[in-house]
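A.B. asks: Got a sequence here, can you model it:
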Amino acid sequence: MVHKFTNGKIILGNTIAEGFSLYTDGERIRAITRAEHPYDILHDVGGAYISPGFIDIHVHGGGGKIFTTKDPEDFFFISELHAKHGTTTMLPTASAATTQEYIDMFEAFRRVKTMPNPHGAYMPAIHMEAPYFAPSQVGAQGPLIRNFDPTEYNMLIERYGDLICRWSAAPELDGAKDFARACRDAGIRLSIGHSDAEYDCVMEMFDEGFQCVTHLYSCTSTVHRKNAFRYAGIVEAAYMIDGMDVELIADGKHLPASLLQFAVKHKGIDRICIVTDATRGGCLPDGAEKMFDNPGFIIEDGVAKLPDRSAFAGSVCTTNRLVRNMRDMAGVSLTDAVRMATANPARVAGISDRGVLREGAYADVVVFDEDIDVSLTMVNGCVVFEE
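C.D. replies: The predicted model follows:
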């Protein structure tokens, strides 16, 4: 089935091309051209933008459900919800849980991988954001964080390593190098998360594979004092290491415009991935937590908070909102904002042939207007959402 997208502004890397049509054939993009080709289905987008599909490498859930679940249907529900807002690829992200809960989640996800998902985003693998975190940077992760447990992580890697893309952990904890070695041997990418690591530790552990920072500024150490002396932290190391990638939760709540702008200026467009970090409150309005028996969070001011309002508990954001905020709050161009939601996270996660519009790439396409409101989402050449 050949789809033709026409009468739109096509985002091709750093440029926006007009007067071209985009053709998809099966799962792949066949051509981006001014020439006419045969087609089966026409999408005249009426001057809207035609963009690579958004890639969210850090998303916990939405609509009241989370990925740390034993129910495969929850994976499909969440992926469908976010696809309506332009996410075409996502890494279901696990938070702190018991070993048995992780086993249940992976068993459910293995079943998901064998089942069709005609209405949702592509889910290649899991992001483990847990459980080896610093108690001082727990955030909303709860009481189940713990030190590195070789018995646990080696078992999970042996059984489910093919289902794990990324693992966020605190590199200052005892046993971090052994953990990093086990992940590297299994092809699992490492990220610094919920950590109080100091500058020297980050510099050392970067060489061990910790080459990304999970939600920079959120549960990450910065300049602090010990015995009157100042020490730099993760934030400073992230800026000093040219090859370090960073996530930014660009929901407009976790970080003010000033910090988004600072990160863009000093980290650079190519090393920033914008992520939703959406929890089960994702896509829900203020007060929606009241529909749950035991929410463990409140939705207020457009963000999820712990019940005592002492910290945020993830976002309720969608990827199109991230792009809009980077353009409007951080002041970057639309093409750069899209890059931070497409090509950059694809590279960080090792996802090939996605996050870009070019001949031969997977046909993951999003159509949106000037407000980045999505009207069509295509995943693997199939329209999964259309207004």
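
A.B. asks: Can you show me the strands along the stretch 51-200 of the chain?
C.D. replies: Taking DSSP state E, counting those that start in this stretch as the test, the strands found in the stretch 51-200 of the chain are 54-59, 61-62, 65-66, 87-94, 126-129, 164-169, 189-192.

A.B. asks: Please name whichever of those is nearest to residue 339.
C.D. replies: Comparing the strands of the stretch 51-200 of the chain against residue 339 with CB to CB, the closest turns out to be strand 54-59 (10.8 Å). Placement of C-beta: from N, CA and C, glycine included.

A.B. asks: helices or strands next to that closest one in the packing?
C.D. replies: Applying 3 or more CB pairs under 8 Å, 6 or more residues apart in numbering; DSSP states H and E, one finds that strand 54-59 contacts helix 72-83, strand 87-94, strand 126-129, strand 272-275, helix 319-328, helix 343-349.

A.B. asks: Any chance of these in JSON lines with mean pLDDT, distance to residue 368 and mean neighbour count as columns?
C.D. replies: Putting the helices and strands packed on strand 54-59 into JSON lines (pLDDT from 0 to 100; distance: least, CB to CB, whole Å; neighbours: other CB atoms under 10 Å) gives the following:
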{"stretch": "helix 72-83", "mean pLDDT": "98", "distance to residue 368": "13", "mean neighbour count": "23"}
{"stretch": "strand 87-94", "mean pLDDT": "98", "distance to residue 368": "12", "mean neighbour count": "28"}
{"stretch": "strand 126-129", "mean pLDDT": "98", "distance to residue 368": "25", "mean neighbour count": "26"}
{"stretch": "strand 272-275", "mean pLDDT": "98", "distance to residue 368": "15", "mean neighbour count": "29"}
{"stretch": "helix 319-328", "mean pLDDT": "98", "distance to residue 368": "6", "mean neighbour count": "24"}
{"stretch": "helix 343-349", "mean pLDDT": "98", "distance to residue 368": "17", "mean neighbour count": "22"}
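
A.B. asks: Just put the ones you listed in CSV and tack on distance to residue 216.
C.D. replies: Formatted as CSV, the helices and strands packed on strand 54-59 follow (distance: least, CB to CB, whole Å):
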stretch, distance to residue 216
helix 72-83, 22
strand 87-94, 16
strand 126-129, 14
strand 272-275, 9
helix 319-328, 14
helix 343-349, 13
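
A.B. asks: and residue 22, which of these is closest to it?
C.D. replies: Closest to residue 22 of these, according to CB to CB: strand 87-94, at 14.4 Å.

A.B. asks: Dump that closest one to PDB, keeping only the CA atoms.
C.D. replies: C-alpha atoms of strand 87-94 as PDB (Å, rounded to 0.1, in the frame of the first residue of the first chain):
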ATOM      1  CA  THR A  87       5.200   9.300  19.400                       C
ATOM      2  CA  THR A  88       6.100   6.700  16.800                       C
ATOM      3  CA  THR A  89       8.800   4.900  18.900                       C
ATOM      4  CA  MET A  90       9.000   4.600  22.600                       C
ATOM      5  CA  LEU A  91      11.100   2.800  25.200                       C
ATOM      6  CA  PRO A  92       8.700   1.600  27.900                       C
ATOM      7  CA  THR A  93      10.400   2.700  31.100                       C
ATOM      8  CA  ALA A  94      10.400   0.700  34.400                       C
END
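
A.B. asks: now that strand against helix 72-83, angle please.
C.D. replies: 140 degrees (axes from the mean of the first three to the mean of the last three CA atoms, to 10 degrees).

A.B. asks: Neighbours of the nearest residue to residue 21 once chain neighbours are set aside, how many?
C.D. replies: Closest residue to residue 21 apart from its sequence neighbours, by CB to CB, 6 or more residues apart in numbering: residue 6 at 4.3 Å. Other residues lying near residue 6 total 18 when counted by other CB atoms under 10 Å.

A.B. asks: Show me what residue 6 is bridged to.
C.D. replies: With DSSP bridges as the criterion, residue 6 is bridged to residue 44.

A.B. asks: Relative to residue 378, how far out is it?
C.D. replies: 14 Å (CB to CB, to the nearest Å).

A.B. asks: Residue 95 touches residue 133, doesn't it?
C.D. replies: No. The pair residue 95 and residue 133 does not pass the contact test of CB atoms under 8 Å, sitting 10.0 Å apart.

A.B. asks: Any chance you could list residues touching both of those two?
C.D. replies: Shared contacts of residue 95 and residue 133 (CB atoms under 8 Å, 6 or more residues apart in numbering): residue 141.

A.B. asks: For the residue nearest to residue 21, give its distance to residue 372.
C.D. replies: Per CB to CB, residue 6 is found 21 Å from residue 372.

A.B. asks: Between residue 95 and residue 133, tell me which one has more neighbours.
C.D. replies: Taking other CB under 10 Å, residue 95 and residue 133 do not tie; residue 133 has more neighbours (25 against 22).

A.B. asks: Which residue ranges of the stretch 251-387 of the chain form strands?
C.D. replies: Using DSSP E, counting those that start in this stretch, the strands of the stretch 251-387 of the chain run over residues 272-275, 298-300, 303-305, 365-368, 374-379, 382-386.

A.B. asks: Only C-alpha atoms, please: export the fourth one in CSV.
C.D. replies: Looking back up the chat, that one is strand 365-368. In CSV, the C-alpha atoms belonging to strand 365-368 read as follows (Å, rounded to 0.1, in the frame of the first residue of the first chain):
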residue,chain,number,x,y,z
VAL,A,365,5.7,10.1,9.9
VAL,A,366,3.9,12.7,11.9
VAL,A,367,1.8,15.6,10.5
PHE,A,368,1.3,18.7,12.7
